[in-house]
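In: Need a 3D model of the following:
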Amino acid sequence: MMTDNIEVFGQNSISITASDKKIYIDPFEMKEEPKNANFIFITHDHYDHFSPEDIKKVACKDTVMIVPEKMKLKAQTVAKYVREIVTVEQQCHKKLYDLEFDTIPAYNVLKPFHPKNAGWVGYILLIDGKRIYIAGDTDLTKEAKAVICDIALVPVGGTYTMDAKKASELVNILRPEAAIPVHYGSVVGKPADGETFAELVEPSVRVELKIKF
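Out: Residues are numbered from 1 along each chain as shown. Here you go, the predicted model:
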């Protein structure tokens, strides 16, 4: 499976290039200002995931931004940068223009940082016939274990999310074709966490380390 169309800038800041669209997830600390987003997906409202400064860098007059329902008011702070803001609930299926996606609850099981009732989400994007799961800031939850995907981008830095061990456990349950670790080596976690994750994932899953340190 090709993942050349997926780029990870750091944290959960991801871009996906499809044949006719450019998609960003949680843009953060962007070094360039491409202003070419067709869609921007936001998983939750923490500063390293919802960054107005970075949304401005990737948004253009045609951008549609997707946010959790409980971010509806906060999202208005960047309304001037995008054409439209769409809100989503946890565990919904949506077709928005020519893009189809699902939402998956993203939350902590025992830690207080991301409570389930906050309404925050991960996304499964259907792109070029493949299901790409962006888990968001989550622990190893029953909803995450039930995901069906071809590519999984999972947090491995620990503290606020799964660590490398728990993230590898999730990937070994899901058995996607490819897995990409995110959310490590900067705000939380060590650069080596990606390699630890790769060592723990079963050989049948190809692990790709996309973050450059």
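In: Just the buried positions in stretch 169-186, please.
Out: Buried residues in stretch 169-186, defined by neighbour count with 16 or more other CB atoms under 10 Å: 169-171, 174, 176, 178-186. Yep, even glycine has a C-beta here, placed from its N, CA and C like the rest.
In: An error on my part: the question was meant for stretch 16-24.
Out: Buried residues in stretch 16-24, counting neighbours by 16+ other CB under 10 Å, are found at 16, 18, 22-24.
In: got a pLDDT number for the spatially most central residue of the chain?
Out: Central residue of the chain (CA atoms, centre = their mean): Ile134, 3.6 Å from the mean position. Ile134 is assigned 98 on the pLDDT scale.
In: thought it was touching His44?
Out: No - with contact defined as CB atoms under 8 Å, Ile134 does not reach His44; the gap is 11.9 Å.
In: Tell me if Asn117 really is in a helix.
Out: Yes - counting by DSSP: H, G, I helix; E, B strand; the rest coil, Asn117 is found in a helix.
In: can you count the residues close to it?
Out: Neighbourhood size, Asn117 [other CB atoms under 10 Å]: 9.
In: and what of the one 3 residues further on?
Out: Look at Trp120: counted by other CB under 10 Å, it has 26 neighbours.
In: which residues does it contact?
Out: With contact set as CB atoms under 8 Å, 6 or more residues apart in numbering, Trp120 has these partners: 43-45, 68, 70, 90, 105-107, 114, 136-137.
In: now it: how far from Ala179?
Out: Noted for Trp120: a distance of 21 Å to Ala179, by CB to CB, to the nearest Å.
In: before we move on, what about Val64?
Out: Separation of Val64 from Ala179 (CB to CB) stands at 28 Å.
In: swap in Val8?
Out: 12 Å.
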